[in-house]
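Undergrad: have a look; sequence and predicted model below, questions after that.
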Amino acid sequence: MERIDAAQARDHLDLVERILAQSQQRLCSGGEFFVVWGVFSALVTVVLHLVGLGVVPFGAVAVLPAALAACVVFSVLRGRRLRATEGRQSIVQREFFNVLWLTLGLAFVVNAAAYRIFSGMASAAIWSFAEAIVLLYIGMHGNRRAQVAGILVVVSMIVANFTAPQNVAYVLAAGMIVGYAGFGLAELFARD
Amino acid sequence: MDELLLSKIRLGIIAELLTAQWIAFSELQRALDVSQGNLGAHLAKLVDAGYVDEEKSFVNRRPQTRYHLTERGRWAFSDHVTQLQSLLKAGS
């Protein structure tokens, strides 16, 4: 049987520690997804608000399903491409995707199935709430930009609560753009 | 002590796989900075021992081999590291 002395044991443990430190990857998924979905959620919020005010005709709502379809197609195609070119997938990354789909999926179901309870701006606030959970989850894994962005989205909800009713949509949309889409942009710049 | 893990390269492979859902062969080679043949030989031993699972697929029409750690490999690694630490404690 092969033997190992204390010096070699120290050497092997150092190797393991070094690899584990390097592989504790900062949790970050393609920034482009955050940009696309942040802009989309802000668009939905503002368009529905303007339609409600009568500023734009009801027909403008038709742009939303088209935008949703474009976002879904982009996400699926981009996601496939990223998976194909990745050399590894970390366990924490897989858990992040579970949290992402669970949170946004639940927000979608609540919006679609409980629209009487969460009508008007409550519907938009649910998206802000879901986006804040996703960002703060990433932030919990050491991403400082996600922490700041998550706090910005939470702040936008609090500010919206104390804003004049006609401005609530703009405040929530600003939170989605600056917090969610802004985080995506920051990640894209950091990656490049 | 686990003789299979006394090799630094095999120990490195397991450590890389520990926090990963899976890692492609090319990524392991880049991370550990070893030759293709050398890495292949060490991986084969780990696969034979049931410490690592191998999955072959095609990505963009090119063959790709991915590896992930099995439960058996995880336990073996944990035991091995505990014994390395015990050895260090005994020596100090």
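TA: Nice, I can see it. Numbering: from 1, shown residues only, chains lettered A, B, ... in the order given.
Undergrad: quick one, helices of chain B?
TA: Counting by DSSP state H, chain B has helices at residues B:8-18, B:25-32, B:36-48, B:71-91.
Undergrad: residues touching residue A:171, list them.
TA: By C-beta atoms under 8 Å, 6 or more residues apart in numbering or on different chains, the contact list for residue A:171 reads A:156, A:159-160, A:163. For every residue, glycine as well, the C-beta is placed using N, CA and C.
Undergrad: out of the residues you listed, which are inside helices?
TA: In helices, defined here by DSSP H, the members of those are A:156, A:159-160.
Undergrad: which one (most neighbours) among those residues?
TA: For the ones in helices among the contacts of residue A:171, counting by other C-beta atoms under 10 Å in any protein chain shown, the largest number of neighbours falls to residue A:156: 26 neighbours.
Undergrad: excluding chain neighbours, what is closest to it?
TA: residue A:175 (2.4 Å; C-beta to C-beta, 6 or more residues apart in numbering or on different chains).
Undergrad: same check on residue A:138?
TA: residue A:146 (3.8 Å).
Undergrad: what's the burial count for the closest residue to chain B within chain A?
TA: Nearest residue of chain A to chain B: residue A:87, at 2.9 Å (C-beta to the nearest C-beta). Using other C-beta under 10 Å, residue A:87 has 17 neighbouring residues.
Undergrad: that older thread, dump the helices of chain B to TSV, plus mean neighbour count, distance to residue B:55 and mean pLDDT.
TA: TSV is the format used below for the helices of chain B (neighbours: other C-beta atoms under 10 Å in any protein chain shown; distance: least, C-beta to C-beta, whole Å; pLDDT from 0 to 100):
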stretch	mean neighbour count	distance to residue B:55	mean pLDDT
helix B:8-18	22	12	93
helix B:25-32	18	11	91
helix B:36-48	15	11	95
helix B:71-91	15	14	90
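Undergrad: give me every residue in chain B lying close to chain A.
TA: B:1, B:3, B:6, B:8, B:11-12, B:15-16, B:18-24, B:26-27, B:30-31, B:59-60, B:81, B:84-85, B:87-88, B:90-92 (C-beta under 8 Å from any C-beta of the partner chain).
Undergrad: hmm, residue A:34 and residue A:181 touching each other?
TA: Yes - taking C-beta atoms under 8 Å as the definition, residue A:181 is a contact partner of residue A:34 at 6.2 Å.
Undergrad: who has more neighbours, the two?
TA: residue A:34 (27 against 22).
Undergrad: report the distance from the helix or strand bottoming out on mean pLDDT in chain A to the chain centre.
TA: For chain A, counting by mean pLDDT, DSSP states H and E, strand A:88-90 ranks last in confidence among helices and strands (a mean of 77). Relative to its parent chain, strand A:88-90 has a centroid offset of 19 Å by C-alpha atoms, centre = their mean, to the nearest Å.
Undergrad: and whatever helix or strand comes next after it, what does it pack against?
TA: Later in the chain than strand A:88-90, the nearest helix or strand by DSSP states H and E is helix A:91-113. The helices and strands touching helix A:91-113, judged by 3 or more C-beta pairs under 8 Å, 6 or more residues apart in numbering or on different chains; DSSP states H and E, are helix A:121-140, strand B:20-24.
Undergrad: now the residue nearest to residue A:156: which helix or strand?
TA: Short version, using DSSP H and E: residue A:175 is in helix A:168-175.
Undergrad: pull out the buried positions in the helix or strand following that helix.
TA: Where DSSP H and E defines the elements, the next helix or strand beyond helix A:168-175 is helix A:182-191. Buried residues in helix A:182-191, counted by 16 or more other C-beta atoms under 10 Å in any protein chain shown: A:182-187.
Undergrad: what does chain A put close to chain B?
TA: Counting by C-beta under 8 Å from any C-beta, chain A sits next to chain B at A:1-2, A:4-6, A:9-13, A:15-16, A:19-20, A:22-25, A:84, A:86-94.
Undergrad: thanks a lot, see you next time.
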